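**Q** I would like to see how this sequence folds:
(one chain, ligands or ions: 1)
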Amino acid sequence: MINKTNITGIILAGGKSSRMGIDKGFLMLNDKPFVQYSIDALKPLVSEIIIVSDNPDYDVFGLKRITDITKDAGPVSGIYSGLEASKTELNLVLSCDIPLITSEVLQLLTNAIDDTSDIIQVESNGKSMPLIALYKKTVNDIFKSFLEQGERRLRVAIKGCNYKNVVLDEAFQNATLNVNTKEEFKQIEDAYYD
Ligand SMILES: Nc1nc2c(ncn2[C@@H]2O[C@H](COP(=O)(O)OP(=O)(O)OP(=O)(O)O)[C@@H](O)[C@H]2O)c(=O)[nH]1
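**A** Okay, the predicted model is just below:
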């Protein structure tokens, strides 16, 4: 049976935020940092939350923080590092730049858990979203070998695993919007205050 004691939340917050210019996890929406929205969406569903980032400013949230095992290798390394630190087989992985995310969307992922899929990712508006996804710890061997080969493309690593998509209804699509640029930040503010 699935309950919150056997799922870990892993938040990736170790990116360069080069398009935005400042660490995206600390962008503020309605007086709340972006990363707090990921934390709040995970909280009802998981027993522990791990933040994967080299930035010690994230310690302010009082959660376990770990650093990437392989540096500068992008989300493949962030996910690998988070899964290595996790104590559970099931793990909900989120980025820190999706402030409209809800527990309801994450529950659609946990509802879809089966014996054959090692990765279950959201598909929103025709796009796979591997940073709103559930990962079983068992993918770690595959991710490790991709990292050893210097493969950094997350979609390539995912294709090496058993994965499936959970296609979201249009009503949920705003919840998966992510922010890379100032223009996208403005769109999120518009959607939030709409
Ligand atoms: N731990 C970890 N997280 C990462 C890494 N690269 C990206 N992320 C996270 O993955 C999510 C998506 O990151 P992107 O927006 O694609 O990349 P970014 O480096 O943050 O931003 P850009 O420099 O603008 O591409 C964000 O939550 C990032 O913090 C990494 O090397 N390690």
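
**Q** Can you pull the phi and psi angles for the residue of the chain found nearest the ligand?
**A** In the chain, no residue comes nearer to the ligand than G15, which is 2.0 Å away by C-beta to the nearest ligand atom. Using the backbone N, CA and C atoms, a C-beta is placed for each residue, glycine as well. Phi and psi for G15, reported as degrees, to the nearest 10, are phi -80, psi 180.

**Q** neighbours around V35, how many?
**A** For V35, the tally of surrounding residues (other C-beta atoms under 10 Å) stands at 28.

**Q** Excluding sequence neighbours, find me the nearest residue to it.
**A** Among residues not flanking V35 along the chain, G25 sits closest, at 3.7 Å (C-beta to C-beta, 6 or more residues apart in numbering).

**Q** and that neighbour, that's in a strand?
**A** No - read with DSSP: H, G, I helix; E, B strand; the rest coil, G25 is helix and lies in no strand.

**Q** Correct me if wrong: it contacts F34.
**A** Yes - counting by C-beta atoms under 8 Å, G25 touches F34, with 5.4 Å between them.

**Q** more crowded one of these two?
**A** Between G25 and F34, G25 has the larger neighbour count (other C-beta under 10 Å), namely 28 against 25.

**Q** got a list of what that one touches?
**A** 13, 33-35, 53, 58, 96-97 (C-beta atoms under 8 Å, 6 or more residues apart in numbering).

**Q** Check these one by one and keep those near the ligand.
**A** 13, 53, 96-97 (C-beta under 6 Å from any ligand atom).

**Q** The helix or strand of the chain with the lowest mean pLDDT - contacts with which helices or strands?
**A** In the chain, no helix or strand scores lower on mean pLDDT, DSSP states H and E than helix 182-193, which sits at a mean of 94. With contacts defined as 3 or more C-beta pairs under 8 Å, 6 or more residues apart in numbering; DSSP states H and E, helix 182-193 has these neighbours: strand 28-29.

**Q** hmm, who's touching the strand it packs on?
**A** Here strand 28-29 makes contact (C-beta under 8 Å, 6+ apart) with 34, 37, 99, 188-189, 192.

**Q** Which one of the residues you listed is nearest to S145?
**A** Taking C-beta to C-beta as the measure, S145 lies nearest F34 of those, at 32.2 Å.

**Q** State the pLDDT value of the closest one.
**A** Listed pLDDT for F34 reads 98.

**Q** Was I right to think it contacts D97?
**A** Yes - between F34 and D97 there is a contact under C-beta under 8 Å: 5.9 Å.
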